[in-house]
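Peer 1: Return a 3D structure for these sequence lines:
(chains A and B)
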Amino acid sequence: MELVEERPYRFRIEPRGGMRVPGVVFASRALLADAEESLKQVVNVATLPGIVAASYAMPDIHWGYGFPIGGVAATDVDHGGVVSPGGVGFDISCGVRLLAADTDRRALEPALPAVMDGLDRAIPRGAGPGGVWHLTGPGQLERILQGGSRYAVEQGYGEERDLMRCEDGGAVADADVTRVSERARERGSGQVGSLGSANHFLEVQQVAEVYDETVAAAFGIAAGQVCVMIHCGSRGLGHQICTDHVRAMDRAMTRYGITVPDRQLACTPVHSPEGRAYLGAMAAAANYGRANRQLLSDAARRVFRSAAGTRLSLVYDVSHNLAKAETHTVAGRRRRLCVHRKGATRAFPPGHPDLPEDLREFGQPVLIPGTMGTASYVLTGVPGGDAFFSTCHGAGRVMSRHQAARAVTGTELRARLEAGGIAVRPRSLRGLSEETPEAYKDVGEVVAASESAGLCRTVARLVPLGVLKG
DNA sequence: ATGTGC
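Peer 2: Coordinates of the predicted model:
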């Protein structure tokens, strides 16, 4: 793959063959070692009908289904632009939520074991069914799919203020529950309010370092403060929706005269029946993922209140796997776009009208979940942000699950983390070993490259005190 | 990511 370094941390792949736009990759050379397969995916995405500006990749790019993880692609909906489920990923609306406690690490210390034991009991996790809500009637899942976090708050699982700190106010209005298959509903109905497995987690963290005092203060965080970070998505429901709609688009594509270099890029125009159906179902999954994080926040709040007398207030909730209707200026013209972000986080700049009023002058909080036992980051959007105001989403794997499990046993890893002062409550020791830090890139490098590329600014680094995993 | 395979 021919990468031209346009400037430090920004590489370009010139359009050729079926590419309609160039590829643009934000990274260091070091982060792109072994990226050959995922760079090919950047090139493939550049062939999609209606794509504008470039096929972008963030510094945490790695191989994914069709699109690379860490990919951003926008299509012009008024000029045949397509939507592709592979550009969102199987875990629709996977994202991160950060809550700030009204206490610091030292004050929490004596209560930490009780907090961890309480969370261990209160937070459903791991593969398969189980969630904090047991649905009572047939209409309840539909209300979750329509109402997202807003519905959870209406039912008493949160505060009205939470919704101000959620992307889209906690729910999007364009969910179409009729496009969510019976099978997806079945899978989703038993998992409402659950973490899932793999890289999903709930961590008790402390703010280890603040890089921008003013912005951190506006976000409600300070050095030493205890926080709770929740990383999870839409579980089996989102997975089934992706499966269903990839299949439908794969069958329909030729009717629209669309050919793609990889079947995993199955897509149809945004304004086709199949495109609208996917976007309606995707929005329902997005609301499900948000309700999921809202319910887990409420469960965590109850534990902190009873075990430590501590309150948790929401900093922000943002997804890194979504396609969204956004208007951007491209080549001097305002265009209505379908922006796919897959393993990439929206990072609106200061002054953006969609930000809550009290955060508007500081930019959007961007939440980066780190590898277990290392660090997580809070970033903020910056003026002139490239790639339709997007940045990285996390570390990115370098080792397969199998390799990781061979490198360390769960028991060894737990002992290592505990020796480092991190309490661990795993559901499965095998699952824990698959998430060993050496299986991932250094998230600090990813964040530094994102900032150097001009995609965001680093606000704070958080380190874990306790980890709950699936 | 995922009732960890079609």
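Peer 1: Confirm for me that A:Gly188 is in contact with A:Ala291.
Peer 2: No - counting by CB atoms under 8 Å, A:Gly188 sits too far from A:Ala291 to count as a contact (10.3 Å). The C-beta positions use only the backbone N, C-alpha and C, and glycine is treated the same way.
Peer 1: and for these two, which residues touch both?
Peer 2: With CB atoms under 8 Å, 6 or more residues apart in numbering applied, the contact sets of A:Gly188 and A:Ala291 do not overlap.
Peer 1: Surely A:Ile61 and A:Phe67 touch.
Peer 2: No - if you go by CB under 8 Å, A:Ile61 and A:Phe67 don't touch, sitting 10.2 Å apart.
Peer 1: Apart from its neighbours in sequence, what residue is nearest A:Gln403?
Peer 2: With sequence-adjacent residues excluded and distances taken as CB to CB, 6 or more residues apart in numbering, A:Gln403 is closest to A:Ala439, at 7.1 Å.
Peer 1: burial count for the one you found?
Peer 2: Number of residues near A:Ala439 (other CB atoms under 10 Å) recorded here: 22.
Peer 1: do you know how far it is from A:Arg401?
Peer 2: 8 Å (CB to CB, to the nearest Å).
Peer 1: and the gap between the closest residue to DNA strand B within the stretch 201-350 of chain A and A:Glu213?
Peer 2: Residue nearest to DNA strand B within the stretch 201-350 of chain A: A:Gly236 (3.4 Å; CB to the nearest atom of the strand). Computed as CB to CB, the A:Gly236 to A:Glu213 distance reads 42 Å.
Peer 1: Counting neighbours, go ahead and name the busier of these two.
Peer 2: Counted by other CB under 10 Å, A:Gly236 and A:Glu213 do not tie: A:Gly236 has more neighbours, with 20 against 12.
Peer 1: Mind pulling up the pLDDT for that one?
Peer 2: Note on A:Gly236: pLDDT of 98.
Peer 1: same deal with A:Gly396?
Peer 2: Confidence score, pLDDT, at A:Gly396: 85.
Peer 1: and it, what are its phi and psi?
Peer 2: Per-residue torsions, A:Gly396: phi 90, psi 130 (degrees, to the nearest 10).
Peer 1: secondary structure class for the closest residue in space to it that isn't next to it in sequence?
Peer 2: Closest residue in space to A:Gly396, ignoring its immediate chain neighbours: A:Asp60 at 4.0 Å, by CB to CB, 6+ apart. Under DSSP: H, G, I helix; E, B strand; the rest coil, A:Asp60 falls in the strand class.
Peer 1: got the contact list for A:Asp60?
Peer 2: For A:Asp60, the contact set (CB under 8 Å, 6+ apart) comprises A:Leu31, A:Ile69, A:Gly70, A:Gly343, A:Cys392, A:His393, A:Gly394, A:Ala395, A:Gly396, A:Lys441, A:Val446.
Peer 1: immediately after the helix or strand containing A:Glu412, which helix or strand?
Peer 2: Assigned by DSSP states H and E, A:Glu412 belongs to helix A:410-419. Downstream of helix A:410-419, the first helix or strand assigned by DSSP H and E is strand A:423-426.
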